[in-house]
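Enquirer: would you be able to build a 3D model of this:
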Amino acid sequence: MRPALVAAVLLAACSAPAAVSTPPPSSLPVVELKYRVFEELGRPWYCDPDFYPIPREDEAVLAEQRMPEIQGDAEVYQAILRHNSLAGAPVTADERLTVYRDWKLLRALELQPVGDVYGFDLLVQTSGGAKEGARVEGRIDKGGRISVLRRDLAGPPNCPICLDEATRIDTPAGPRLVTHLRPGDLVWTRSVDGGRVAAPILEVASVVAPPGHELVRLELADGRVVSASPGHPTGEGASIGTMRVGDRLDGSLVIAVARVPYASRTWDLRPAGATGVYWAEGIPLGTTLASPSSSRDRPLVSSASANTFSATRSRMTMKSPKTATWP
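Expert: This next block holds a predicted model:
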């Protein structure tokens, strides 16, 4: 080969662009991935524990109480400040409330590892005050790229107002776990004249508690203890979340009330009879369920913010016996 031709070949080889491998996308912190979901799909419409099923205290007061916990997670705290254009620590009550609300939103969205990406399933309200939203299932990679697998119209989220799954229900055969009960099983219920009578269960229902859900643990002076969602009614009709130390319940004094985190299913049942009252851990409680034609049967949702969580409700029902009249 002639020297001139060899030089031309070498020159062409040297000037050809080298193959460059594309570096993998940098991994974003989980909190930033959640903000990406908010920005692209909307913020969750969820069961805000400060408002559902009953308001607890002023939200600004709760924000002050939670601030040390929020600040304890530096990565999340700094992300909230950045996304709300807050320079340094929030100094005003309004700024701390903004931080607190974002913190609740971030807790409401769960990202589940699916291989080398994250999966999510959430409801987003189409507009403020809308009665319907969209349920979105998708994936987000560690670089923040989102792919939507499906989007369906959906109603509001099911917010739990029921019992801890470890709760025992009083029955003629002795205490039984609420998770083991089925329609047709006998439980003790309260008759209209205040007596204790056996009646069959007409319905058993459960719902998945959303992220951040809390139960109220109520302890009486005589040793009885029960845990239920704040809105669950006592046998006298008061919500458990409204009970305070020193109140009386079923002839005993309330000596302790505490909020405890809960991340499983909550349960409830409806006995036959006019009152709907049954005994859980020896304490009379009212049912949160009603007949399918009743408006009480439809889930209630906090409208405190335009955010979403979707929960799965399951129900087992039995037709009320027509051959017997239950008290």
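Enquirer: quick one, phi/psi of residue 109?
Expert: Residue 109 adopts backbone torsions of phi -100, psi 120, taken as degrees, to the nearest 10.
Enquirer: does it touch residue 119 like I think?
Expert: No: judged on C-beta atoms under 8 Å, residue 109 makes no contact with residue 119 at a distance of 11.6 Å. Any C-beta I mention is one placed from the backbone N, CA and C, and that applies to glycine too.
Enquirer: which of the two has more neighbours?
Expert: More crowded of residue 109 and residue 119, by other C-beta atoms under 10 Å: residue 109, with 23 against 15.
Enquirer: which residues touch the more buried one?
Expert: By C-beta atoms under 8 Å, 6 or more residues apart in numbering, the residues touching residue 109 are 34, 37, 38, 44, 120, 122, 211.
Enquirer: from the residues you listed, which is closest to residue 253?
Expert: Set against residue 253, the nearest of these by C-beta to C-beta is residue 211 (34.0 Å).
Enquirer: just the helices in this protein please.
Expert: Applying DSSP state H to the chain gives helices spanning 3-15, 30-41, 59-72, 74-83, 93-108.
Enquirer: burial count for residue 244?
Expert: By the measure other C-beta under 10 Å, the count of residues near residue 244 is 7.
Enquirer: got the contact list for it?
Expert: 254, 257.
Enquirer: I'd like the distance between it and residue 226.
Expert: Plainly put, residue 244 is 16 Å away from residue 226 if you go by C-beta to C-beta, to the nearest Å.
Enquirer: picking that back up, ok, of the contacts of residue 109, which come out buried?
Expert: For those, a burial check counting by 16 or more other C-beta atoms under 10 Å picks out 34, 37, 38, 44, 120, 122, 211.
Enquirer: farthest pair in these?
Expert: Most distant of these, by C-beta to C-beta, are 38 and 211, 14.8 Å apart.
Enquirer: okay, the contacts of residue 109 in CSV with distance to residue 233 and pLDDT next?
Expert: Below are these laid out as CSV (distance: C-beta to C-beta, whole Å; pLDDT from 0 to 100):
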residue, distance to residue 233, pLDDT
34, 35, 97
37, 36, 97
38, 35, 96
44, 28, 91
120, 34, 95
122, 30, 89
211, 25, 69
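Enquirer: out of these, which comes closest to residue 177?
Expert: Once C-beta to C-beta is applied, the member of the contacts of residue 109 that ends up nearest residue 177 is residue 211, at 24.6 Å.
Enquirer: so what's residue 185 closest to, chain neighbours aside?
Expert: The shortest distance from residue 185 to any non-neighbouring residue, by C-beta to C-beta, 6 or more residues apart in numbering, is to residue 201 (5.1 Å).
Enquirer: these two touch, right, the one you found and residue 181?
Expert: Yes: the pair residue 201 / residue 181 is scored as a contact, 6.0 Å apart, by C-beta under 8 Å.
Enquirer: before we move on, back to that, the residue nearest to residue 185: neighbouring residues, count only.
Expert: By other C-beta under 10 Å, the burial measure for residue 201, its neighbour count, is 24.
Enquirer: which residues does it form a beta bridge with?
Expert: Counting by DSSP bridges, residue 201 forms beta bridges with residue 271.
Enquirer: so how far is residue 79 from it?
Expert: From residue 201 to residue 79 the distance is 47 Å (C-beta to C-beta).
Enquirer: what of residue 185?
Expert: 49 Å.
Enquirer: what of residue 263?
Expert: Taking C-beta to C-beta, one finds residue 263 at 23 Å from residue 79.
Enquirer: higher neighbour count, these two?
Expert: residue 79 (19 against 10).
Enquirer: would you confirm that that one contacts residue 28?
Expert: No: using C-beta under 8 Å, residue 79 is not in contact with residue 28, being 10.0 Å away.
Enquirer: all strands of the stretch 151-300 of the chain, in order?
Expert: 168-169, 176-177, 186-190, 196-208, 214-220, 225-228, 248-249, 252-261, 265-271, 277-280, 283-286 (DSSP state E, counting those that start in this stretch).
Enquirer: let me have those in TSV, adding mean pLDDT and distance to residue 238 as columns.
Expert: Shown next, in TSV, are the strands of the stretch 151-300 of the chain (pLDDT from 0 to 100; distance: least, C-beta to C-beta, whole Å):
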stretch	mean pLDDT	distance to residue 238
strand 168-169	98	20
strand 176-177	97	25
strand 186-190	97	15
strand 196-208	91	20
strand 214-220	93	11
strand 225-228	95	12
strand 248-249	96	8
strand 252-261	94	11
strand 265-271	92	17
strand 277-280	97	13
strand 283-286	96	9
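Enquirer: can I get those strands in TSV including distance to residue 66?
Expert: Shown next, in TSV, are the strands of the stretch 151-300 of the chain (distance: least, C-beta to C-beta, whole Å):
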stretch	distance to residue 66
strand 168-169	33
strand 176-177	33
strand 186-190	38
strand 196-208	24
strand 214-220	12
strand 225-228	21
strand 248-249	28
strand 252-261	12
strand 265-271	23
strand 277-280	30
strand 283-286	29
